[in-house]
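K.L.:
Kindly return the folded structure for what I paste below:
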Amino acid sequence: MKHAPLFKLLAGATLALTIVAAPVAHASHADKDKKEALYPNATRKEPKLDLTSSKDQKQLNEGLDAVNSGDAAKAESVLQPILDKSKSKYAQALALQGLASLKYNAGDLKGAISLLSQALANGVMPNDTYFQLEYEMAQFQLADEQYQASIDTIAKWRAEGKRDTADSHALEGNAYYRLQKYPEAIAAMKQAMSMSDKPQSSWNQILMASYAESGQSDQAAQLAEQQFEANPNDPTTLNNAVAVLMQAQKYPEAIKLMEKAKAQGVLKSDKDYVNLAKLYLITGQTSDNPKPSALKAVQTLEDGMASGIIPSTYENNKLLGDAAYVAGNESKAVAAYKKAIPMATDGEAAVRAGQILVVQNKNREAVPLIQQGIAKGVKHQGSAYMLLAEAERGLKNKPAAIAAMRKAAQDPETAAKAKDWLRKAGAGK
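P.N.:
Coordinates of the predicted model:
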């Protein structure tokens, strides 16, 4: 029984588990002796099979074939009667395995684990089938977030089956990672990789994440860069490497990888371009002069939009406005915010555009934008009303300025400043 890889690291350095149920063992064992035993040194005594009914064997083959082909209704209709009526414990065990696979495929992990437990406890299965199902149990437990149980099952499988594989250590490493036992996860993944000529990329991903989570950011960054260098044309590898570098707060290294990927034509999705722009802004915020990094963010977004890779959405236009503002290009910022406004579900972009226009003393243009933003809703309503009051004051519309400031005085965040303004303006009541 060959098991598919169980793990995949997604952007953001999180792990998503995907288990593909292994094909169910076939009922026929006519050629068993011709095959090399998978567990020749197992400590479990090989039981004597009790399947003598050709009818049972035929039904098992039919039911298990239906499981493998995805015909759940037929599989259940054939296997359940075997479980209920067959005198063969071996036939019952294989029926349980097939029904467990149906439960798994339907998303009922606990039901699948319960049936697989019954199959393992049955006692009448050859060692190859028994230990393969035990390994499958560890997979099901991992999928059901029973991480320690999965580790314990693998330990039992390894001790009794006297078999050690790279995949089993990788499964262990995944479970340890989920338990936040990062040293154990690192050790398990290193062991898995040492036992394989072609380690799964997902193993490196868990190893990178474990390094990052345990504070070993240098090791995480080094492994991330090595992974990208080994797979320079793979967007998934790039995203995983960047995610780990960002988690380790190694933003310059992440930017370096993405710039190289862009030059090589690997950046192909809007998410890639947007993430690079955000990285530029993050690094700019931590520098004495954020403008150069912000300019790179603007250029990246404009390149993506011009090529049609980045769609003209509210979020993307607002991000362009933010980047342009930090870069000192106020006109470009206002233009981007105005483009975002019709697609907005809130008033943030409108108020930001209005704020820039107030600074530019373009109050007549600013007032309707700020009013529109307030009407749509903003997180800091008091600040928006204070900005509106400032714009109205610039237009020498004192009654409107006082009315806006009185609104600001109703917000706890701006109440003190607004009341002080009103008192000084002679409108304290």
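K.L.:
Run through the helices of the stretch 51-200 of the chain in chain order.
P.N.:
Along the stretch 51-200 of the chain, the segments classed as helices by DSSP state H, counting those that start in this stretch run 54-69, 72-85, 89-105, 109-121, 127-143, 147-161, 166-178, 182-194.
K.L.:
mind putting those in JSON lines, mean neighbour count included?
P.N.:
Where you see a C-beta, it was placed from the backbone N, CA and C, and this is true even at glycine. Supplementary listing: the helices of the stretch 51-200 of the chain in JSON lines, determined by neighbours: other C-beta atoms under 10 Å:
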{"stretch": "helix 54-69", "mean neighbour count": "18"}
{"stretch": "helix 72-85", "mean neighbour count": "17"}
{"stretch": "helix 89-105", "mean neighbour count": "24"}
{"stretch": "helix 109-121", "mean neighbour count": "18"}
{"stretch": "helix 127-143", "mean neighbour count": "24"}
{"stretch": "helix 147-161", "mean neighbour count": "19"}
{"stretch": "helix 166-178", "mean neighbour count": "24"}
{"stretch": "helix 182-194", "mean neighbour count": "19"}
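K.L.:
Nearest approach to residue 335 belongs to which of those?
P.N.:
Nearest of these to residue 335, taken as C-beta to C-beta: helix 166-178 at 45.7 Å.
K.L.:
For that closest one, which helices and strands make contact with it?
P.N.:
Counting contacts by 3 or more C-beta pairs under 8 Å, 6 or more residues apart in numbering; DSSP states H and E, helix 166-178 is packed against strand 14-17, helix 127-143, helix 147-161, helix 182-194, helix 201-213.
K.L.:
right, and residue 291 touches residue 284 too?
P.N.:
Yes. Counting by C-beta atoms under 8 Å, residue 291 does reach residue 284; the two are 7.4 Å apart.
K.L.:
Show me the common contact partners of these two, please.
P.N.:
Both residue 291 and residue 284 are contacted by residue 326, under the criterion C-beta atoms under 8 Å, 6 or more residues apart in numbering.
K.L.:
Give me the more crowded residue out of those two.
P.N.:
Set residue 291 next to residue 284 and count neighbours by other C-beta atoms under 10 Å: residue 284 wins out with 21 against 13.
K.L.:
so the more buried one is in which element?
P.N.:
Taking DSSP states H and E as the criterion, the element that holds residue 284 is helix 270-285.
K.L.:
Could you list the buried residues of that helix?
P.N.:
Residues of helix 270-285 classed as buried under the neighbour-count rule (16 or more other C-beta atoms under 10 Å) are 270, 272-284.
K.L.:
do the same with stretch 219-226
P.N.:
219-221, 223-225.
K.L.:
Report the mean confidence score over it.
P.N.:
The pLDDT scores in stretch 219-226 average 84.
K.L.:
For that stretch, which outside residues touch it?
P.N.:
Here stretch 219-226 has contacts from 204, 207-209, 211-212, 240-242, 244-245, 247-248, 250, 253, 257, using C-beta under 8 Å, 6+ apart.
K.L.:
Listing request: residues of the protein with sub-threshold pLDDT.
P.N.:
1-35, 428-429 (pLDDT under 70).
K.L.:
roughly how far apart are the closest residue to residue 296 other than its chain neighbours and residue 268?
P.N.:
With C-beta to C-beta, 6 or more residues apart in numbering as the measure, residue 280 is the residue that lies nearest to residue 296, at 4.5 Å, once sequence neighbours are left out. Separation of residue 280 from residue 268 (C-beta to C-beta, to the nearest Å) stands at 19 Å.
K.L.:
Could you do residue 380 as well?
P.N.:
With C-beta to C-beta as the criterion, residue 380 and residue 268 are 37 Å apart.
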